[in-house]
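A.B. asks: What would the 3D arrangement of this be:
(2 chains)
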Amino acid sequence: MRFVASLRSLASSLLHRSQIEGDLDEELRAHIANRADDLERSGLPRTEAERRARIEFGGQERYKEECREERGGVWLASLWTDVRFGLRMLSKSRGFSVVAVITLALGIGANAAIFSMVNALLLHPYHFRDLDALVRVWEDRGIDEGYDARYVAPADAKELSTHGELFESIATYEIRSFSLGAGSEIQPALGCRVTANFFDVLSVSPTAGRLFSPGEEQPGDDQVAIVSDGFWKRRYAADPHLLGEKISLNGRMYSIVGIMPKDFDYPVPVELWVPLALTPEEQADRTQLSLQVLGRLKDGVMPDQTGAALANFSRRLEQDYPKTNAGRTMKALQLRKELYVFTLPLFLLLQAAAGFVLLLACANLANLVFARMIGRQREIALRTTLGAGRGRLGQLFLSEMLLYAIAAGIVAITASFASVKMLRTSIPAGWTKWVPGWNGIRVDGNVLAFTIAVALGTGLVLGLATVLHASHVELNNTLKETGAGSVTPAKRRVRSALVIAQVMFAFVLLVCAGLTIQGFVRLADIYRGFQPASVLRLEISLPEKTYPETVKITNFYQQLVRDAASLPGVQHASLITNAPASNVDNETTFFNIEGQPALKAGEAPSADLQIATPDFFATLKISLISGRFLSEADNIDAARVVVISPGMAQRFWPGDDPVGHRIKLGTANSVEPWVTIAGVVGDVRQNWWNPTTRPVIYKPFAQSAQRSMTLLMRTQTNPASYVSAIREVSRQIDPGIALRGVATLEEEVNDSIAIIRIMGILMGIFGLVALVLSSIGVYGVLSESVAQRTREIGIRLALGAETPALMKLILGHALKLTAIGLAIALPVSLTISRAMTSLIFGVVSMNATIFAAFAAVLLLVGLGAGYLPARRAMNVDPMVALRYE
Amino acid sequence: MAGQAQILPGNLDLLILKAVSLGPLHGYGILLRIEQISRGALLIEQGALYPALFRLVRQGLLKPSWGTSDNNRRAKFYELTPAGRKRLHQEAADWNRLVAAIALALGAEAEEV
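C.D. replies: A predicted model of the protein is given here:
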């Protein structure tokens, strides 16, 4: 009943506001008139009677306000008033508003931009149904070879798919490069061999045509292909009659049966998918970890439950097939988290940095607002006197701050459409296509919601801080004072604390930015270690059909290297399995050291395996440390040799020269021959995330030819100008061979560290913003405290104080604030940078110089910010200062 | 003003309900009625009446309506709702019990303890 009455009162008060206001006025006027009538009747003149009646009534405005509050719904109604008032204030003090909105928009915009990346890469890298149930499974051999080297043996994969305890379905696949077309039209195409259920596991369907049927997994029935949208558009100009067309892949004819949707590019952006048709022998293989496995978990199976179940399953395999499966454990990782090893530390760091920028912006704005509050103390006092309750005032400040934050949010969102697009296109497409979700970096609903939430949260926090700050205005003093109002020591402390906080955030951000940029520069240098300038690189895959055996492969490549090296202007030409900066990890191999047998299969040492021609080291100018390089004499008839990296030498022959020792590739019972270590060559950083000290074994190409190789050529002039020449050389030897990934090594290096570069740039921007904001903050507080003390300074000057002493006083204050901020920031930034060094692949390392340099920068900024107001104060005419206020 | 007692805010509500229970009144009329029935012993700040009236209306205890006062001025009249009447009886009973108890306590003599 009462509730209904309250509601009715609320509703009517909201619906008929102006009428009710009029009613209230009229009611009180009637009261006073009635009273005046009575007083007049008792003999007072009318005017005097009215005056007395008004006095007796008391503070009309106060009672009106109390009536409004009693009526209910007042906050809603007054909120509207406050918003209108806030808008008026915003437009009245335009300069302040612009500064406030820009400051906040910087902070909010930084967060929106970074969150768009977090949203795309970490939260939604793929757009598959029930993404959280999709996992990658691999067999771990005690060493994790990186996310792109996680494989399962075919027979183990088959066993897993019939296991049925964890998985609803299991698909296997294998990425392959194909030679597309025939004759002189031949072109490389990246493809993927997949089981028939591959698309069902991901729950995607083609835009046209059909998926594979299980029967098409049989060798001989497998000549069907599904192509990507890009393949259809680029190679066939979106021909509507593509289905049923025949294409030649590696010399066999396939008919196109389906076209996938535009955004489907799993496992990597490939052009086509063909059935994974394994022969019975291949299917029974347990030694080669050759297939990648993708599984969809059953309903109710949590991804973290899979560990124990897969370990059990692996133990059973180990018991059943001890010869092949010993020491292998199956592991699973959610598809979404596959790239977390790269993306998580990078983007969490960026998001944290953006958060710091926002905090800094808030501290800065709070300082501005508090400074302005001093000017508004009289307004506040007046409002309080006229009956505004504390809650009512709080609401006023809150709505003002919310308005700023909302305006800043709108600016930030508008700007983010551009900034996010810039981020997305800032990294070469050749790199980003390997990062699932990168092309999904955009301002979507999530980013909008996040930005709005950040903006509102910021407004709320700032508003509440302002309310707290304003809640202790002393009425009488403020009203009595004629000057601009005074600052209590408590408030001065709050503002100093805000400056200290700004210095702190700025220092932390600057140090993080400095470390990241330094890491980037060093990375570029480390790649310089093998001198990528003037090197052309390209990849070749010889088709199985025309190159079925080793002799033909060896002949082709030896001819190619010879002809390439004899091109005018080419200094060296060589082959390597995996060129540096390829963004692909090296293949790894187990090995045994003669005389040091491994106890268990799983405990065998392992190293990266590279196959190289002798000139490889000269091509990249890799140094010789001991023994000799590979030579032309290490051919198929000569004794088996390898050269190794210093990382391997130090790990397995500490304090000894490994040259002359013998090793055997493979596990303990492998049938590989023993090979002699002929030399130790300089470390090469394979990819920026690899530590340089990885053990590497280089086998001579002549003793272990392989179908897919990378050709490297060191040229005298611009390597890009040799592209057509090398194409002609290749065509002369075999016109049916496709050259892929033709680029200069320098381009590859730059592309491969693009992600670190963009991180460095972003951190640099954040650091710069931090520096600017914090110097404004320090300057603002100091110049104001100097202004507050103008009178005092005037008196001191009049009494004969020396200017240097006064200067020292003010600068001392500036230095003190900065130094306290630095003192707090030091342990914080030490902790953060320690986390950075361990998280970001050793790219970042601690550097005392950076700490010292930025501390000095901030101290200088503090001094500068103090110097300007101090000088102004020194020039004060004592007479003017004494009259001040 | 000697002999007048300042009243507590809660008591004002009770007095208003009592005053209005004798017939619909406008604000100034309520003030006069309270003065009259308390024989001028209670001091009420005139303006303070109105927030109390608004409160009672919101609680559904009073019902306002516009009318004309004795001296021909438009005025807002308040009358008791059934809920208001119930509340008046309840609070009056509570008050009497409280007053009786306090009077008893204050009147206690040494030998009664």
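A.B. asks: Could you use CA atoms for every contact and neighbour count after this?
C.D. replies: Fine.
A.B. asks: Return the nearest residue of chain A with respect to chain B.
C.D. replies: Nearest to chain B, among the residues of chain A, is A:Cys67, at 4.3 Å (Cα to the nearest Cα).
A.B. asks: residues in contact with that residue?
C.D. replies: B:Tyr50, B:Pro51, B:Ala52, B:Phe54, B:Arg55 (Cα atoms under 8 Å, 6 or more residues apart in numbering or on different chains).
A.B. asks: is it true that it lies in a helix?
C.D. replies: Yes: for A:Cys67, which was evaluated using DSSP: H, G, I helix; E, B strand; the rest coil, the result is membership in a helix.
A.B. asks: on that earlier part again, restricted to helices, list the contacts of A:Cys67.
C.D. replies: The members of the contacts of A:Cys67 that map onto helices under DSSP state H are B:Tyr50, B:Pro51, B:Ala52, B:Phe54, B:Arg55.
A.B. asks: so where's chain B uncertain?
C.D. replies: B:1-10, B:110-113 (pLDDT under 70).
A.B. asks: what does it have sitting close to chain A?
C.D. replies: For chain B, the residues in contact with chain A (Cα under 8 Å from any Cα of the partner chain) are B:27-28, B:45-48, B:50-52, B:54-55, B:58-60, B:71, B:73-76.
A.B. asks: Of those residues, which belong to strands?
C.D. replies: Secondary structure defined by DSSP state E assigns B:Arg74, B:Ala75, B:Lys76 of the residues of chain B next to chain A to strands.
A.B. asks: Looking at those residues, spot the one nearest A:Leu360.
C.D. replies: Proximity of these to A:Leu360 (Cα to Cα) peaks at B:Lys76, which lies at 55.9 Å.
A.B. asks: ok, that closest one touching B:Pro64?
C.D. replies: Yes: taking contact to mean Cα atoms under 8 Å, the distance of 6.4 Å between B:Lys76 and B:Pro64 places them in contact.
A.B. asks: which one of those two has more residues nearby?
C.D. replies: For B:Lys76 versus B:Pro64, the count of surrounding residues by other Cα atoms under 10 Å in any protein chain shown is larger for B:Lys76: 23 against 17.
A.B. asks: which element is the closest residue to that one other than its chain neighbours on?
C.D. replies: The shortest distance from B:Lys76 to any residue that is not its chain neighbour, by Cα to Cα, 6 or more residues apart in numbering or on different chains, is 4.4 Å, and that residue is B:Trp66. B:Trp66 is located in strand B:62-68, with elements delineated by DSSP states H and E.
A.B. asks: So A:Tyr698 lies in a strand, does it not?
C.D. replies: Yes: read with three-state DSSP, A:Tyr698 is one of the residues of a strand.
A.B. asks: Can you get me a residue count around it?
C.D. replies: Taking other Cα under 10 Å as the criterion, the count of residues near A:Tyr698 is 25.
A.B. asks: Let me see the confidence value for it.
C.D. replies: The predicted local distance difference test score for A:Tyr698 is 95.
A.B. asks: Might you report the residue contacts of it?
C.D. replies: With contacts defined as Cα under 8 Å, 6+ apart, A:Tyr698 is in contact with A:Leu609, A:Gln610, A:Ile611, A:Ala612, A:Val642, A:Val643, A:Ile644.
A.B. asks: Relative to chain A, which residue of chain B is the closest?
C.D. replies: Of all residues in chain B, the one sitting closest to chain A is B:Pro51 (4.3 Å; Cα to the nearest Cα).
A.B. asks: Can you tell me the closest non-neighbouring residue to that residue?
C.D. replies: Closest residue to B:Pro51 apart from its sequence neighbours, by Cα to Cα, 6+ apart: A:Cys67 at 4.3 Å.
A.B. asks: How about A:Ile32?
C.D. replies: For A:Ile32, the closest residue by Cα to Cα, 6+ apart turns out to be A:Ala53, at 5.6 Å.
A.B. asks: Check the gap between A:Gln686 and A:Thr577 for me.
C.D. replies: Computed with Cα to Cα, to the nearest Å, the distance linking A:Gln686 and A:Thr577 is 12 Å.
A.B. asks: Tell me which other helices or strands the helix ranked longest in chain A touches.
C.D. replies: The residue-count maximum for a helix in chain A (DSSP H) belongs to helix A:340-385. Of the remaining helices and strands, those touching helix A:340-385 by 3 or more Cα pairs under 8 Å, 6 or more residues apart in numbering or on different chains; DSSP states H and E are helix A:94-117, helix A:445-470, helix A:475-480, helix A:489-528, helix A:754-788, helix A:803-839.
A.B. asks: Which residue lies nearest the spatial centre of chain A?
C.D. replies: Of all residues in chain A, the one closest to the mean position by Cα atoms, centre = their mean is A:Phe347, 2.5 Å from it.
A.B. asks: List the residues that contact that residue.
C.D. replies: A:Phe347 makes contacts with A:Ile114, A:Met117, A:Val118, as judged by Cα under 8 Å, 6+ apart.
A.B. asks: just the helices in the stretch 51-200 of chain A please.
C.D. replies: With DSSP state H, counting those that start in this stretch applied, the stretch 51-200 of chain A shows helices at A:60-71, A:74-92, A:94-117, A:154-163, A:198-202, listed in chain order.
A.B. asks: Quick one: those helices as JSON lines, columns for mean pLDDT too.
C.D. replies: Compiled in JSON lines, the helices of the stretch 51-200 of chain A are given as follows (pLDDT from 0 to 100):
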{"stretch": "helix A:60-71", "mean pLDDT": "77"}
{"stretch": "helix A:74-92", "mean pLDDT": "69"}
{"stretch": "helix A:94-117", "mean pLDDT": "88"}
{"stretch": "helix A:154-163", "mean pLDDT": "85"}
{"stretch": "helix A:198-202", "mean pLDDT": "92"}
